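# Sequence and computational prediction follow.
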Amino acid sequence: MLTYLRKNAQSWMIKTILWALVAAFVGTIFLVWGRGTETGKQNVVATVQGEPISSREYQEAYTTLLENYRQFYGRNLNNELLRSLNLGRLALDQLIERRLVGSEAFRLGLRVSDRDVSLRVQSLPFFQSSGRFDTQRYDTFLRTRGMRPQQFEQLVRGEILQNRYRDLVTQAVTLTDDEVAETYRQENEKVEIAYVRVRGSRFQDVVEVTQEEMAKYYNEHAAEFREPEKRRVEYLSLLYAAYEPKTIADDQVAAYYREHQDEFLDSEQKEREVRARHVLIKLKPNASQEERQAARRKADETRQKALAGEDFAKLARENSEDATAAKGGDLGFFSRGAMVKSFADAAFALKPGEISEVVESEFGSHVIKVEEVREPQVKPLETVRADIAAKLRREEAKRLASETARKVLREDLEGLGFAALAKRFAVKHETPPAFARTGPIPGLPPRVMASVAKATFELDANKFSEAVETESGLFFLHLVELLPSYVPKLQEVIAKVKQHLVRDKGKAQAERVARTLLELIEKTPLTFDLVAASDAYKPERPAPFTHHAGIPGIGRSSELITQAFANQPGYVGVFSSADSAFLFRVEKRIPVDEKKFAEERRQFAADLEARKRSRFFATWLGQLRQATQVQVNEALLF
């Protein structure tokens, strides 16, 4: 039982489970979360031990990642950065890891009840108002993202399951005192420097670049100037908003409410729950038949006493070998999914006050008494009327758009052309400029753009697509022109080549100047202070920094950090960044405040352990993936 497992993380039971995890390592996949719709083989992006990851599921994961990065980077998210991020591979890796975790968690008997999900959703700060769960905020969140509660709650279920599995796998991770002290020193010991920057840009106006140098640079760095494959399409868009009715009849709303009661269960309890007590007579995993029979006899003796009228809570305190014995065997309220199957089947078959037969599970022999049953509650119609109406309006819009799409498909797309079809069916006809696989496509939001771009890059030249479904509507695409990836000729990018070459030569000159200054300081009366005091350079004294921090005005430089912490105050050195060279001096070293370390040690150790567990879990997943049969259709990756 999960409550017991979590509260007794160091027990023999957990150690046995963890041993089994190591021994078996990879099991058959039975459970996944976030699974896409069933799909044909040609639309399967990957399989994890035979379980498919559909192109639709992959596209949704990729689109979500892409939108998150667009929000983070804004206009700085260009094609070059997208290529370096490799979001297509990252999205697939996340889906594969979910499959692996789901499989292993299911094999180990880890379950997440609806109540667990409900409590987690209600605890999320985003849905809180004045310290309490706000149903309206939750409903608005779902509605604006076109999600049903079941979809979002399935994602939450997956998150909880992964966390429980992570806790199980990483419970053996520990820290030594020396490890805590050394890491604290690395993160809190500081050094202070002064520096002058020799910018490469100050030499760019005087740098001379010859045709021969540009040709040589172009030949050696041709990949920097490659243009991605682009495609030009025309499309018809059947946007759902154009088909959405203004109102929905009250009787339609009422009918939907009656026929879909499971969608409107109260968020605090979405399934039947029971409160029960139990007596457990434990068994070792490798118990003999005689030991099993003895445990069953002892459990049955307790059951007979309970049936004869003895107080069940007292019997549990005296006989149960479970952690709940001190509470009279009280398990509190739980849902069916929170318990192993044999236990749950018996408990949920009882009425309040009834006592079960002896129940066998992997933990031993149980006797169960149900104290109370709680049935799920359905929200009143009036509280969900607006949500139902909005859903029915959208469904009707989808139906009408699909009906129009079927009519379009019956036409001669090539013969009539999109312009004529747009007039005939009153839909939009657009001809955006050529775009790369990652967009952007003018006029389309990121999620829709990703779907349209993917469908576009699956088309052959001058071919027409089927209806492409997106969250905003349906699209018909006609691939007008395919523009292959290519490296432009030197003359086409001569200005860019010159810009790169001037930048590099300017930086090289800055490095020569910095090293000349260092040599003069080492061999002549010239000092760092004299250089800093000259009109040519502006001295900077950033705030002290640690081994792992960025340096104000510079960023993170491992070259500088290594030199600064390896030398004593007065040391003068040189280092480079992307566009400049720096002459710096170590001003002072600031050791760890031992009194502060003593005060923070406990919390720091807890945080460090969490980080170590996270790294361990990532390594574990990597090993798990290596031992699992994973097949990837590389042709379908973005």
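Nice, thanks for sending it over.

# Do you have the strands of the stretch 251-400 of the chain handy? List them.
If DSSP state E, counting those that start in this stretch is used as the criterion, the strands of the stretch 251-400 of the chain fall at 273-282, 330-335, 359-361, 364-374.

# give the contact list for the spatially most central residue of the chain.
Taking Cα atoms, centre = their mean, the centroid of the chain lies closest to Q94, which sits 6.7 Å from it. By Cβ atoms under 8 Å, 6 or more residues apart in numbering, Q94 lies in contact with A61. Yep, even glycine has a C-beta here, placed from its N, CA and C like the rest.

# isn't R317 right next to D311, touching?
No - assessed by Cβ atoms under 8 Å, R317 is found out of contact with D311, at 9.3 Å.

# which one of the two has more residues nearby?
Higher neighbour count among R317 and D311: R317, with 16 against 12, using other Cβ atoms under 10 Å.

# Which residues are in contact with that one?
With Cβ under 8 Å, 6+ apart, R317 has these contacts: 325-326, 328-329.

# got it, and D460?
Residues in contact with D460, defined by Cβ under 8 Å, 6+ apart, are L479.

# do the same with the one 3 residues further on
Under the criterion of Cβ under 8 Å, 6+ apart, the contact partners of K463 comprise 478-479.

# Now do it against T170, distance only.
Applying Cβ to Cβ, to the nearest Å, the value for K463 to T170 is 51 Å.

# Just the pLDDT for the residue nearest to the centre of the chain.
pLDDT recorded at Q94 is 87.

# name the element it belongs to?
When elements are assigned from DSSP states H and E, Q94 belongs to helix 87-107.

# ok, then the element right after that helix?
helix 114-123.

# relative to strand 330-335, how tilted is that following helix?
Relative orientation of helix 114-123 versus strand 330-335 (axes from the mean of the first three to the mean of the last three Cα atoms, to 10 degrees): 80 degrees.

# and helix 114-123, which residues are buried?
114-118, 120-122 (16 or more other Cβ atoms under 10 Å).

# what's the single longest helix in the protein?
As assigned by DSSP state H, the longest helix anywhere in the chain is helix 594-626.

# Next, the buried residues of that helix.
So, applying 16+ other Cβ under 10 Å, buried residues of helix 594-626: 604-605, 608-609, 612-613, 617, 620-621, 624-625.

# what's the answer for stretch 405-421, then?
405, 408, 413, 418, 421.

# which residues does the closest residue to E372 other than its chain neighbours contact?
Among residues not flanking E372 along the chain, R275 sits closest, at 4.3 Å (Cβ to Cβ, 6 or more residues apart in numbering). The contact partners of R275, by Cβ under 8 Å, 6+ apart, come to 330-334, 370-374.

# Of those residues, select the buried ones using a ChimeraX command.
Listed next is the ChimeraX selection for buried residues among those, using 16+ other Cβ under 10 Å:
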select :330,331,333,334,370,371,373
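
# Just the pLDDT for the residue nearest to P228 when sequence neighbours are not counted.
Spatially, and ignoring its direct neighbours in sequence, P228 is nearest to A436 (4.3 Å; Cβ to Cβ, 6+ apart). Looking at A436, its pLDDT reads 92.

# Show me what A436 bridges to in the sheet.
K230 (DSSP bridges).

# Any idea which of the strands of the stretch 251-400 of the chain has the lowest pLDDT on average?
The bottom spot among the strands of the stretch 251-400 of the chain, by mean pLDDT, belongs to strand 330-335, with a mean of 87.

# Relative to the whole chain's centre, how far out is it?
For strand 330-335, the gap between its own C-alpha mean and the chain's C-alpha mean amounts to 32 Å (Cα atoms, centre = their mean, to the nearest Å).

# list the helices and strands it packs on?
helix 2-7, helix 114-123, strand 273-282, strand 364-374 (3 or more Cβ pairs under 8 Å, 6 or more residues apart in numbering; DSSP states H and E).

# quick revisit: using a markdown table, lay out the contacts of R275 together with distance to E587.
Below are the contacts of R275 laid out as a markdown table (distance: Cβ to Cβ, whole Å):
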| residue | distance to E587 |
| --- | --- |
| D330 | 64 |
| L331 | 63 |
| G332 | 61 |
| F333 | 63 |
| F334 | 62 |
| V370 | 73 |
| E371 | 70 |
| E372 | 70 |
| V373 | 72 |
| R374 | 67 |
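
# And the contacts of R275, which is closest to V592?
G332 (46.0 Å; Cβ to Cβ).

# For A306, see how far away the closest residue to the closest one other than its chain neighbours is.
Leaving aside its chain neighbours, G332 sits nearest to R275 (6.1 Å; criterion: Cβ to Cβ, 6+ apart). Separation of R275 from A306 (Cβ to Cβ) stands at 16 Å.

# How about Q150?
Taking Cβ to Cβ, one finds Q150 at 40 Å from A306.

# What residue in the chain is the furthest from its centre?
The C-alpha centroid of the chain is most remote from P525, which lies 57.8 Å away (Cα atoms, centre = their mean).

# helix, strand or coil for that residue?
Secondary structure for P525, judged by DSSP: H, G, I helix; E, B strand; the rest coil, is coil.

# Could you give the backbone dihedrals for it?
phi -70, psi -10 (degrees, to the nearest 10).

# rewinding a little: just name the closest of the contacts of R275 to K507, please.
Using Cβ to Cβ, the contacts of R275 come closest to K507 at F334, 65.3 Å.

# Would you confirm that that closest one contacts S113?
Yes - counting by Cβ under 8 Å, F334 touches S113, with 6.8 Å between them.

# For D529, which of the helices and strands packed on strand 330-335 is the nearest?
Across those, D529 has its closest neighbour in helix 114-123 (57.4 Å, Cβ to Cβ).

# Quick check: next helix or strand after that closest one?
strand 128-129.

# Would you mind listing where this structure has pLDDT under the threshold?
Scanning the chain with the threshold set as pLDDT under 70 gives 1-42, 74-75, 78-80, 144-146, 267-270.
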